[in-house]
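# Kindly generate the corresponding structure for this input.
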Amino acid sequence: MTSSLRLRAGLVSIVLLAAFLGIWHLATRSSGTVAAMSPEYAKLMGLTATQGKSAMPGPLDVGAKLWEHLRRPFYDNGPNDKGLGIQLGFSIARVGTGYLLAVLVAIPLGFLIGMSPLLSKALDPFIQVLKPISPLAWMPLALYTIKDSSISAIFVIFICSIWPMLLNTVFGVASVRKEWINVARTLEVGTLRRAFTVILPAAAPTILTGMRISIGIAWLVIVAAEMLVGGTGIGYFVWNEWNNLSITNVIIAILLIGIVGMLLDQILARFTRMVTFPE
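This is a model prediction of the structure:
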């Protein structure tokens, strides 16, 4: 039953992709009239004006350009001309660093808050005030105090990643069945051992759900952060290619952002399934 459903879902996905590519190809075909103009002006305006070619590249143009990038993903011709592999590497490194720092803070703190009703009540107002603040709103303050654009981007990733993990950890720990905790107390299991042998396994699916949400938010935010700070990264690549009016490269970058985001999400989803057991 499950394999049949996966097969049918895969076929539907292929049909939808083929339909999307077909519509995209037809919408970007050359259909405009050829304009009469001087050779110098025609050279300046390019194929869009001289041959009626659509300004939006078609799937074949994007595919050809993508193949060029895949053949040389790690070239480095200077500050504004680096391969997509290098740009993605910088972005993933920043996300990974900020995300891991958030894990080290959010999960232990979430355990303490979830196990202590007093801390939960005391810290809730601060969490509720800080949680809705846009991560990018912290960027000017980070740049002013840290004075390093790359570290500032990591700080922004840390800020945006910490709240879903923290709140899900608090919820998961606080929702552990009281019967299990009471049994552990009856057996005179210590607080630290109880946290690792009873509470952590029970709360692990909820904690990993928070981590999965956080990695998605972090990957969203890094693109915008790199557009602001510049230098390197896939977000800077998108902005730089837009300034160069290379819509093909912008589309390729958008595609790669989506693929990397999906892979990160699937990794956390697999970990979540590994620690989820029927009661």
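# Spit out the contact partners of residue 73.
Applying Cβ atoms under 8 Å, 6 or more residues apart in numbering to residue 73 gives the contacts 83, 84, 85, 86. Just so you know, the C-beta spots here come from the backbone N, C-alpha and C atoms, and that holds for glycine as well.
# among the residues you listed, who's most crowded?
Neighbour tally across the contacts of residue 73 (other Cβ atoms under 10 Å): the maximum, 21 neighbours, falls on residue 84.
# Name the nearest residue to it, sequence neighbours excluded.
Ranked by Cβ to Cβ, 6 or more residues apart in numbering and with sequence neighbours excluded, the top spatial neighbour of residue 84 is residue 69, at 4.8 Å.
# Check the one you found and give its pLDDT.
Reading off the confidence values, residue 69 has pLDDT 87.
# That one: neighbour count?
Neighbours of residue 69 (other Cβ under 10 Å): 17.
# how near is residue 87 to residue 277?
40 Å (Cβ to Cβ, to the nearest Å).
# now do residue 190
24 Å.
# what does the average pLDDT come to for the helix or strand residue 102 falls within?
Following DSSP states H and E, one finds residue 102 within helix 84-115. Helix 84-115 carries an average pLDDT of 93.
# ok, the nearest residue to residue 195 once chain neighbours are set aside - contacts?
Spatial nearest neighbour of residue 195, excluding adjacent residues (Cβ to Cβ, 6+ apart): residue 111 at 6.3 Å. Each residue near residue 111 by Cβ under 8 Å, 6+ apart is listed here: 169, 173, 195, 199.
# ok, so of these, who is nearest residue 271?
residue 169 (14.8 Å; Cβ to Cβ).
# ok, the closest one touching residue 120?
No: judged on Cβ atoms under 8 Å, residue 169 makes no contact with residue 120 at a distance of 11.7 Å.
# ok, those two, which is more surrounded?
residue 169 (27 against 16).
# for the helix or strand encompassing the more buried one, packing partners?
Assigning secondary structure by DSSP H and E places residue 169 in helix 149-174. Contacts defined by 3 or more Cβ pairs under 8 Å, 6 or more residues apart in numbering; DSSP states H and E place helix 149-174 against helix 84-115, helix 117-130, helix 139-146, helix 200-229.
# which sections of the stretch 1-150 of the chain are below the confidence cut-off?
Flagging of the stretch 1-150 of the chain using pLDDT under 70 yields the residue ranges 1, 30-54.
# Repeat the analysis, applying 90 as the threshold.
1-10, 21, 24-66, 68-84, 115-117, 120, 134-136, 140, 142-143, 146-150 (pLDDT under 90).
# quick one: contacts for the residue nearest to residue 84?
83, 84, 252.
# helix or strand for it, which one?
With DSSP H and E as criterion, residue 69 is part of helix 59-71.
# Could you list the buried residues of that helix?
By 16 or more other Cβ atoms under 10 Å, the buried positions in helix 59-71 come out as 59, 61, 62, 65, 66, 69.
# quick one: the first one and residue 24 touch, right?
Spelled out, that is residue 59. Yes: using Cβ under 8 Å, residue 59 is in contact with residue 24, at 5.3 Å.
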